[in-house]
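> model the following, please.
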Amino acid sequence: MKVEIVTHRDGAESAVEYEYRPRHEGERPMALDVLLQAQATALPDLAFRYGCRARNCGVCTIDVNGRPRIACRARVRDGDRITPMATLPVLGDLVVRRDGIARQLRGRLPAGEAGNDLNVAAPDDYHALTACIECYACLHGCPMHARNFAGGLPADMPAGEPPPDPAAGYPWGNPFSLLKLQRLRLDPLTTAAGRDAALAHAVDLGLDACVGCPGCKCGVGIDLKGKVIAELLAAAGDRLAKR
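This next block holds a predicted model:
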């Protein structure tokens, strides 16, 4: 089985064709299996990330044929193309810079972030949102996140135009940041003022971009459109019209 692995070195992109050797007859390898074997054989300096190998951490997310996939759980086929996530800046090979997403919420969450305890019952939707593994697959096709990169993806930015500094946090949001804010609004330990502040932050991060958007897709199946976006849009009401 042959796949194409796209690497990034010193600002230059190159595609390497790699032939995966099945470990047993009929094997249908995961993308991570292919990357590990490639690193152990033909590409010893290939850079990529992985952690739990059980779809729990999200750090191994890459793009397969232009769509985000969790490498430890995404099967690949002959002719597939493996690339770094197109929605975040590339550091090297398949490694992207992820910290700008989390930094975006600095100052928008209370210290320690309000949580639940055994004495207060949280609604089912709150628990549904805790399934997020921060894989950032939801950034794919997000018009709100695209605003951070001149209306496109990092690779689409005009030549010579400096990208936003991830260390400062991106100015515009994404489904992940909206999920965190909606989870805060659902938390029974959050005060009324805290819920209102979380909604205001969602509006400031660009919630208006979600109006008319067909919706985002979660890498682990969370109903982002129904349980996050729709709820925030309904709560924001005419706040969006005033922007």
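> contacts for the lowest-mean-pLDDT helix or strand in the chain, please.
Least confident helix or strand, the chain: helix 99-103 with a mean of 91, by mean pLDDT, DSSP states H and E. Helix 99-103 is contacted from outside by 88-89, 134, 136, 139, 164-170, 174, 176-177, using Cβ atoms under 8 Å, 6 or more residues apart in numbering. Where you see a C-beta, it was placed from the backbone N, CA and C, and this is true even at glycine.
> 10 Å instead, please
Contacting residues not belonging to helix 99-103 are listed as 87-89, 134, 136, 139, 145, 148, 163-170, 173-174, 176-177, 180 [Cβ atoms under 10 Å, 6 or more residues apart in numbering].
> in the next helix or strand after it, what's buried?
Counting by DSSP states H and E, the element after helix 99-103 in chain order, helix or strand, is helix 124-129. For helix 124-129, the neighbour count (16 or more other Cβ atoms under 10 Å) marks 125-126, 128-129 as buried.
> which neighbouring elements make contact with helix 124-129?
Contacts defined by 3 or more Cβ pairs under 10 Å, 6 or more residues apart in numbering; DSSP states H and E place helix 124-129 against helix 175-186.
> all helices of this protein, in order?
Ranges of helices in the chain, per DSSP state H, are 31-40, 99-103, 124-129, 143-146, 175-186, 192-204, 224, 230-236.
> from the chain's centroid, how far away is the second one?
Right, helix 99-103. 11 Å (Cα atoms, centre = their mean, to the nearest Å).
> which positions within it qualify as buried?
Buried residues in helix 99-103, counted by 16+ other Cβ under 10 Å: 100-101.
> before we move on, what about the first one?
When burial is assessed from 16+ other Cβ under 10 Å, helix 31-40 yields the following buried residues: 31-39.
> low-confidence stretches in this protein?
110-120, 151, 157-161, 242-243 (pLDDT under 70).
> nearest residue to the middle of the chain?
Taking Cα atoms, centre = their mean as the criterion, Tyr136 is the residue nearest the geometric centre of the chain, at 0.9 Å.
> how near is it to Glu27?
According to Cβ to Cβ, to the nearest Å, Tyr136 stands 28 Å off from Glu27.
> and what of Ala47?
25 Å.
> more neighbours, these two?
Taking neighbours as other Cβ atoms under 10 Å, Ala47 and Glu27 compare with Ala47 leading, 16 against 13.
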